[in-house]
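J.: Structure for the following, please:
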Amino acid sequence: MGPVPISPLLTRGLAQLNVRPKRRVPVWAVQPDRWGRKLLMAQRSRHRLEVPAFSSLPRGPRQKSSDKYGVAHTTMRTKSVLAFLAIFIAFYTAAAQDVHNVTLKVAVVDKDLNVKNVPKFLLTVAKKDTAFAEWKIATGFDGVAMMTLPAGSYVVRSNEALRFGESEYSWSADFKVVADALTVVELSNDNAKVTAGSSAPRRRMSEAAELFKTLRHGVVTIEGELAAGSGFVFDERGLVLTNHHVIEDTNDIRVRFDKKTAVRARLIAKDVERDLAVLQINLAAFADSHVLPLAKTNGPEPAVIVGEHVFSIGSPAQQDKILTTGIVSKIDPRSIISDISFGKGSAGGPLFNSVGEVIGITTFRVEEREGLTRDSAKDSDFAGIIRIEVAEPLIAKAREIAATKGTPSAELMPYIPEGLFPIETIKTSLTSSSFAAGQYISDVKDYQVRYMTPVYKFYMIEKDRIESLKIRARRNKDKGKHDAGEMFNDLRVWKEYAGELAPAVDILALPETTATMKSMALSAITNMTVGYSTPLDHKYKADFSQMKLLCDGKEVTPVRRTKTEIARDLQNYYKTKKRFTYAGVYTYPYEVFAPGKCSEMVVHVFSEEDIETPIVSTVTDAIKARIWNDFADFRSKAK
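T.: This is a model prediction of the structure:
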């Protein structure tokens, strides 16, 4: 490329200088202009400027020796030009300076001489000859940070002390960056300032526990209609990997970051055979979201090795994130064998290697039945870990599809209020002689709609035992007052932990049963002919599809939408037969049922047999009052 002129002002000043180029510094060339003066031109070559002394500077044709006061204009003008030139050359030289790779390593050695890399450790690098050149950088999961710097002298400092064992480590180390030389700065026990920690015993955290603090923000809860599980964010565009069975046959997929933050998700790609699915969400809904690093499967080192410590993070529904650890015992082409344990709620979550890279997807599913009419259905649970390599084709496909689609909505879904439903309220309600279970039920065509507050939910689970204990209490009344506390043995901490006492209302749409027309006709014929009626064959009246709660004609968004499979032993002529169907369970905040909030409230239930025409159930004022009264103690405690 030919010479490029600099500014006219600069070239006019430089033309007055006898500039002679020499090799090995900046990029200049001198060419004459149309008046024969020498102009400084920028070129792609390495030269430096040699500036002559003031006495040798030629005088320009328009300059005068002095004015009427005897002031020398030539000297003043020359100084101005040189000052401008010095500033420009200093700036250009710094900008054109070569930069060189610098590697910063942070690691400490424990008392057993094991080297521990320090991940996500924040450092500050400053140039020693200026107060304005400063960079902040954090180490990766391997304890290494890489950057490029011009040649010169620098100092690297830790932003805060590192707590390790019973001591605190901080660093301030000088180093030089030399051209054409590899610069590696190691921060370790040898050059650290070590401060003794507190004499009180401190809890020791594993490396997995330290990584958990950051990585947990990339693990989410996946809420399907038939199941719930875990998933993790692996792309800045909001792509989430999970198990396919978690979102199978689901019209409304939710991704929940925490108890208060959930958004709707879009299904981008799926692999049913490998039980994998990729969803897309809007990460703007959760400011603390973290994209998890996927292990490089084609790197110089394997993503995971036998004997390596691994850990998993799960996000079961209604619970906080769960950390589990284990050791790899075998690596198969498609799976990883480990002693790590996880439950159904963690299905679809990530498995990490010892440096915090995703190497697999945890899987826990119930094998499908051979048919819904089997006499006996024995479920076979399967738990395993799918290698991340297996998911790579689906991940690549999902990224291509996501690039052609817009960002999903960031609208937040409703959430259940914080706090636990008071146990005393359940005890008081169920021991009362005036407790009326029928106030929670509404019968409509083909369905029984039940409004399940925590009080009624516990009654439904334990009603047989509760009724038998009430009978025993009356029978033994003459022996002294019976302690009714026995009927609440199941109201323990585990139920609170599992979310059984959450302050919310579940609307249950339960299909009813009826005798088949064929069996009714056969029974009538045999009764008329032989005087004996054959037993009937019973089935469900409908198969649940979905439902809606409407407040003055506007749909109320549920906290959760689920379909639960129910099985009953129904009479099948001269034997019993297990029949399966789905019931709908939609969860709503209890405030929805506040008196006066809705002048008209109805539930629309849709069946698989007719998904266009709803079966309508009215939420009466009596039902709303019953629900609202159940939460009176909770409201008073929340104030």
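
J.: Report the rounded mean pLDDT for the helix or strand hosting residue 514.
T.: For residue 514, the element it lies in under DSSP states H and E is strand 513-515. Across strand 513-515, the average pLDDT comes to 77.

J.: Could you chop this structure up by domain?
T.: 4-96, 99-196, 208-402, 423-638 (automatic domain parsing).

J.: returning to that earlier point: which neighbours does the strand holding residue 514 have in its sheet, and in what orientation?
T.: Strand 513-515 pairs in its sheet with strand 538-540 (antiparallel), by DSSP bridges.

J.: which residue ranges form the strands in the stretch 201-350 of the chain?
T.: 219-223, 228-235, 239-242, 254-258, 261-264, 266-271, 276-280, 309-314, 322-331, 336-338, 350-352 (DSSP state E, counting those that start in this stretch).

J.: and these as TSV, adding distance to residue 637?
T.: Yep, even glycine has a C-beta here, placed from its N, CA and C like the rest. Listed next are those as TSV, based on distance: least, Cβ to Cβ, whole Å:
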stretch	distance to residue 637
strand 219-223	27
strand 228-235	28
strand 239-242	37
strand 254-258	23
strand 261-264	25
strand 266-271	39
strand 276-280	38
strand 309-314	31
strand 322-331	28
strand 336-338	44
strand 350-352	38
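
J.: Which one of those lies nearest to residue 590?
T.: The closest of the strands of the stretch 201-350 of the chain to residue 590 is strand 261-264. By Cβ to Cβ, the value is 18.1 Å.

J.: Show me what the closest one pairs with in its sheet, parallel or antiparallel.
T.: By DSSP bridges, strand 261-264 pairs with strand 254-258 (antiparallel).

J.: ok and the strand it pairs with relative to strand 276-280, angle-wise?
T.: Angle of strand 254-258 versus strand 276-280, following axes from the mean of the first three to the mean of the last three Cα atoms, to 10 degrees, is 70 degrees.

J.: Using PDB, list the CA coordinates for strand 254-258.
T.: C-alpha atoms of strand 254-258 as PDB (Å, rounded to 0.1, in the frame of the first residue of the first chain):
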ATOM      1  CA  ARG A 254     -41.900 -23.700  32.300                       C
ATOM      2  CA  VAL A 255     -38.200 -23.100  33.200                       C
ATOM      3  CA  ARG A 256     -37.800 -22.000  36.800                       C
ATOM      4  CA  PHE A 257     -34.600 -20.300  38.100                       C
ATOM      5  CA  ASP A 258     -35.700 -20.000  41.700                       C
END
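
J.: buried ones in that strand?
T.: For strand 254-258, the neighbour count (16 or more other Cβ atoms under 10 Å) marks 254, 255, 256, 257 as buried.

J.: Quick one: residues in contact with that strand.
T.: Strand 254-258 is contacted from outside by 217, 220-223, 231, 240, 262-265, 279, 281, 285-286, 288-289, 315, 317, 413, 560-561, using Cβ atoms under 8 Å, 6 or more residues apart in numbering.

J.: Quick one: buried ones out of those?
T.: 217, 220-223, 231, 240, 262-265, 279, 281, 285-286, 289, 315, 317, 413, 560-561.

J.: what bits of the stretch 451-600 of the chain have low per-residue confidence?
T.: Scanning the stretch 451-600 of the chain for pLDDT under 70 picks out the ranges 463-500, 519, 527, 532, 536, 570-575.

J.: which residues in it form strands?
T.: 504-511, 513-515, 538-540, 544-551, 554-555, 560-572, 575-589.

J.: The third one: how far from the chain's middle?
T.: If I follow you right, that is strand 538-540. 43 Å (Cα atoms, centre = their mean, to the nearest Å).

J.: can you check stretch 169-185 too?
T.: 37 Å.

J.: How about stretch 580-587?
T.: Chain-centre distance of stretch 580-587: 28 Å, with Cα atoms, centre = their mean.

J.: cool, stretch 242-251 as well?
T.: 17 Å.

J.: in terms of contact, does residue 169 touch residue 190 like I think?
T.: No: applying Cβ atoms under 8 Å, one finds residue 169 not in contact with residue 190, separated by 10.9 Å.

J.: ok, how many other residues are close to the residue lying closest to residue 599 once chain neighbours are set aside?
T.: Leaving aside its sequence neighbours, residue 599 sits nearest to residue 552 (Cβ to Cβ, 6 or more residues apart in numbering; 5.9 Å). Neighbour count of residue 552, defined by other Cβ atoms under 10 Å: 10.

J.: Please report how far residue 287 lies from residue 125.
T.: 28 Å (Cβ to Cβ, to the nearest Å).

J.: returning to that earlier point: need the buried residues of strand 254-258 in a markdown table (columns: distance to residue 513).
T.: Formatted as a markdown table, these follow (distance: Cβ to Cβ, whole Å):
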| residue | distance to residue 513 |
| --- | --- |
| 254 | 31 |
| 255 | 36 |
| 256 | 35 |
| 257 | 41 |
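
J.: pretty sure residue 629 is in a helix, no?
T.: Yes: under DSSP: H, G, I helix; E, B strand; the rest coil, residue 629 falls within a helix.

J.: what's around it, how many residues?
T.: 15.

J.: swap in the one 3 residues further on?
T.: Summarising burial for residue 632: neighbours were counted as other Cβ under 10 Å, giving 11.

J.: ditto for the one 5 residues further on
T.: As a burial measure, residue 637 scores 13 neighbours (other Cβ under 10 Å).

J.: Please look at it and residue 420 and confirm they touch.
T.: No: if you go by Cβ under 8 Å, residue 637 and residue 420 don't touch, sitting 9.5 Å apart.

J.: Perfect, I'm done here.
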